[in-house]
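give me coordinates for this.
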Amino acid sequence: MPSYPLSVAVVCMSNMNRSMEAHRILRRKGFRVRSFGAGSRVRLPGRARNLPVVYDFSTTYEEMRKDLVRKDRQRYNSNGILHILGRNERIKPRPERFQECRDRFDVIFTCAESVYDRVVEELWVREQETFQPVHVINVDMADNAEDATLGSFIICELCERLQQADNLEDSLVQVLLAAESKTGKSFLHTVCFY
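Here you go, the predicted structure:
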């Protein structure tokens, strides 16, 4: 069992729903966790599917919530966005971009294959300094409240199993295989280095 708490990052596209739900659940379980988005901007559902509401990552969750209340309180209340923003405000002030973070993690979970690709590419292009390994694991989940919660529980269970392992490097493959058997999902995994 590692003598230190596992350091975990969770990344989705906008640091809004999936990564923040996992952040909430992992933090409650005592993990050292941070969450990020890998997109260029934060995109929320707008009046039409092809017309999202777009914010810079520097915009706080509170500013987004107030803006959406001004625009159409009923729409954003009924589609759950105001609830999500309220939850996010209780966790941290604003969304963060993974590409701007230089902290090191033991494991980085992504919530979609496209996000996994961006995270792995970002880690590969960075100059390696310590050659400390970081495991990048994709737990694919749809971007809705129910799937975000279910996917976050899978991530939490993986973290708990990895935290209990005698050696992260030796145990990871067995932990992933057991999770694949239990959930019926397959997980992309690669090792990058800092």
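
who's in contact with residue 101?
Applying Cβ atoms under 8 Å, 6 or more residues apart in numbering, one finds that residue 101 lies in contact with 9, 34, 36. Yep, even glycine has a C-beta here, placed from its N, CA and C like the rest.

let's go with 10 Å and repeat that
For residue 101, the contact set (Cβ atoms under 10 Å, 6 or more residues apart in numbering) comprises 9, 11, 34, 36, 122.

please report how far it lies from residue 143.
21 Å (Cβ to Cβ, to the nearest Å).

tell me which residues in the helix-or-strand element of the chain with minimal mean pLDDT are buried?
Within the chain, judged by mean pLDDT, DSSP states H and E, the helix or strand with the poorest mean is strand 42-48; its value is a mean of 93. Of the residues in strand 42-48, those with enough neighbours to count as buried (16 or more other Cβ atoms under 10 Å) are 42, 44, 46.

pipe the contacts of residue 101 into TSV and attach secondary structure per row.
Supplementary listing: the contacts of residue 101 in TSV, determined by DSSP: H, G, I helix; E, B strand; the rest coil:
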residue	secondary structure
9	strand
11	strand
34	strand
36	strand
122	helix
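
ok, back up a step: quick one: list the elements packing against the least confident helix or strand of the chain.
Applying 3 or more Cβ pairs under 10 Å, 6 or more residues apart in numbering; DSSP states H and E, one finds that strand 42-48 makes contact with strand 51-55, helix 61-78, helix 81-91.

repeat the analysis, applying 7 Å as the threshold.
Counting contacts by 3 or more Cβ pairs under 7 Å, 6 or more residues apart in numbering; DSSP states H and E, strand 42-48 is packed against strand 51-55.

just the pLDDT for residue 166.
We note a pLDDT of 88 for residue 166 in this prediction.

which residues touch stretch 65-77?
Residues lying outside stretch 65-77 but in contact with it, judged by Cβ atoms under 7 Å, 6 or more residues apart in numbering, are 53, 81, 82, 85, 86.

do the same with stretch 131-145
Counting contacts by Cβ under 7 Å, 6+ apart, the residues touching stretch 131-145 from outside are 17-18, 80, 104-113, 116, 119-120, 123, 147-148, 150-151, 154-155, 172, 185, 187-194.

give me the buried entries from those residues.
17-18, 105-112, 116, 119-120, 123, 147-148, 151, 154-155, 172, 187, 192, 194.

would you map the strands across this protein?
Along the chain, the stretches classed as strands by DSSP state E are 7-12, 32-37, 42-48, 51-55, 107-110, 133-138, 188-193.

sweet, I'm off.
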